[in-house]
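S.K.: this one's sequence-less:
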């Protein structure tokens, strides 16, 4: 089960965090930006930036989350940097969460699953262009949009994180609405996620089909944790979005239960006066250590 | 308003349909498939196939819908074919709906919007790698995940189709659930879509912010049509998925109100015995005419 490998990696590094490589040109230092004349250079420089960060953090951080929007905005050259970044992080032993929030009808979901989990056949050979350990998906379409992914998770030892309660300020507009049965929509989605994950529960009692639960909504996170004891959480919203370690501690039981993402706070640490004098990779390394300690102090107390 | 241009094009061609270029290798004729040795060739042959279909149908069909999953499964080379297909269809005067179902927090939604609607700045120049007239989005995250798109729709004369009631068999699992106020979730989503579209209502009374409403769910489509008189519908599910012209006629008022998608039914028409002896482009042309007549006979009666 891939969820066991993720939890093992979290235990080995004593670090329940994932670094978000949401790298856009604006995050690069000026000397790298000076090399960028077109989309191809942009992709190359973004990959170079990511590579240097991965080299620094790969022994102290278990996973990276790569947000595809930051690559897609540079076109197919950006998508090459996305593929290269994923492959490089995996080659350094990190687990990769491709943050793509895919969602569609069954036949189309099957195509997405080929791209990230199971592979596409071309001229008799199977290749998986953006192969990752986990991808994020949106469950609005219901089971037949999810089952092509869960089937591949079983067969290829992969995992999902399905949006349940997102970290953005207006996530409650739909997600917190109350049903006639008394549940909120995010609780209904949480129940679906539990059902979709029943066949991939590993040795720690967590499923390879997890949930996205924002650090910015403490009360809702506590409700979901109680309702879905076998669901592992991908927790965005820490740091730049305002989520605090004390808020997200409710997601953890005996020190496990989730992995917390930070993107801008790590990638742009070199612009933070706290890390003055460090280059971007060293600043990202130091900020990752500080995040680890901050999370552990809240989760383990 | 882009919605006016779409309705004008539907009127000009007397054709309320959009052809879905969901082209995968399995749809290509054997002589084209024989040219495919790797992902690069795969992308090139898929683009060639699309190009020949666009050349045939561009005067009789107002728009194409390009489903990104069928390109993403071939990696960044597939994404180049996606970009080339979109650009070619636009160069032939067709409107393009990029079917990407994007959804994320505001800052990330802004990146997606750059990729499709407003453009990314690289070395002082703005380029829009996958520029399209419309994209599909998923509203599960609420307003702050949608507003970056609607803002760009206003500024750059673009449009959206937001998932309301999808065509797949299990769409009701979440979407049909009933709220404590008596609405279904798809009705709540429909109300949000109406609100998001208020500022882009054009001369025909429809907004550039439309809804995805499946042809396979007639009763729900009728409810949404009544509830959201200013919302234009993108209607998938006709043909291969089982939706019939008579079922989707409820989406139209005085002959306008939606655009109906067919993908496999057109792309693979050359394998249908009805079109025996025609090459794939001629079969697609004939199947498009037949679809147009079938739709009009139901919509206009």
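M.R.: Received the coordinates, thanks. Small disclaimer: the values here were computed from a predicted structure and weren't measured.
S.K.: hey, let's count contacts and neighbours off CA atoms from now on
M.R.: Fine.
S.K.: ranges for the helices of the stretch 51-200 of chain A?
M.R.: Taking DSSP state H, counting those that start in this stretch, the helices of the stretch 51-200 of chain A run over residues A:69-72, A:75-91, A:106-113, A:143-156, A:172-175, A:185-196.
S.K.: and of those helices, who's closest to residue B:264?
M.R.: helix A:106-113 (11.2 Å; C-alpha to C-alpha).
S.K.: so, in contact with chain B or not, that closest one?
M.R.: Yes. Residues of helix A:106-113 contacting chain B under C-alpha under 8 Å from any C-alpha of the partner chain: A:106, A:108, A:109, A:111, A:112.
S.K.: residues touching the closest residue in space to the second one that isn't next to it in sequence, list them.
M.R.: Distance criterion C-alpha to C-alpha, 6 or more residues apart in numbering or on different chains; nearest residue to residue A:108, sequence neighbours excluded, is residue B:69 at 6.3 Å. Under the criterion of C-alpha atoms under 8 Å, 6 or more residues apart in numbering or on different chains, the contact list for residue B:69 reads A:108, A:109, A:111, A:112, B:100.
S.K.: ok, the residues you listed vs residue A:241, which is closest?
M.R.: residue B:100 (25.6 Å).
S.K.: the closest one is in contact with residue B:68, isn't it?
M.R.: Yes. The pair residue B:100 and residue B:68 passes the contact test of C-alpha atoms under 8 Å, sitting 5.8 Å apart.
S.K.: between those two, who's got more neighbours?
M.R.: Neighbour comparison, residue B:100 and residue B:68: the larger count goes to residue B:68, with 23 against 20 (by other C-alpha atoms under 10 Å in any protein chain shown).
S.K.: residue A:294 versus the more buried one, what's the distance?
M.R.: 40 Å (C-alpha to C-alpha, to the nearest Å).
S.K.: end to end, how far does stretch A:14-23 reach?
M.R.: Start-to-end, stretch A:14-23 (C-alpha to C-alpha) is 25 Å.
S.K.: revised request: answer the last question for stretch A:224-234.
M.R.: Terminal-residue distance, stretch A:224-234 (C-alpha to C-alpha): 12 Å.
S.K.: do the same with stretch A:243-255
M.R.: 18 Å.
S.K.: what do you get for stretch A:242-256?
M.R.: 22 Å.
S.K.: contacts for that stretch, please.
M.R.: Residues contacting stretch A:242-256 (C-alpha under 8 Å, 6+ apart): A:7, A:16, A:215-218, A:221-222, A:225, A:233, A:235, A:237-238, A:257-258, A:294-295, A:298-300.
S.K.: what of stretch A:35-43?
M.R.: A:25, A:45, A:71, A:74, A:75, A:77, A:78, A:79, A:80, A:81, B:122, B:123.
S.K.: apply 6 Å and report the result again.
M.R.: Around stretch A:35-43, the neighbours that count as contacts under C-alpha atoms under 6 Å, 6 or more residues apart in numbering or on different chains are A:74, A:77, A:78, A:81, B:123.
S.K.: now that we have these, which one has the most neighbours?
M.R.: residue A:74 (30 neighbours).
S.K.: ok now do it, which residues does it touch?
M.R.: Neighbouring residues of residue A:74 by C-alpha under 6 Å, 6+ apart: residue A:39.
S.K.: before we move on, back to that, quick one: which of the contacts of residue B:69 is most hemmed in?
M.R.: Within the contacts of residue B:69, residue A:112 tops the neighbour count with 28 neighbours, counted by other C-alpha under 10 Å.
S.K.: leaving out the residues flanking it, which one is nearest to that one?
M.R.: Residue A:112's closest residue in space is residue B:69 (C-alpha to C-alpha, 6+ apart), at 5.4 Å.
S.K.: distance check, the residue lying closest to residue A:89 once chain neighbours are set aside against residue A:269.
M.R.: Closest residue to residue A:89 apart from its sequence neighbours, by C-alpha to C-alpha, 6+ apart: residue A:54 at 6.3 Å. Residue A:54 sits 15 Å away from residue A:269, taking C-alpha to C-alpha as the criterion.
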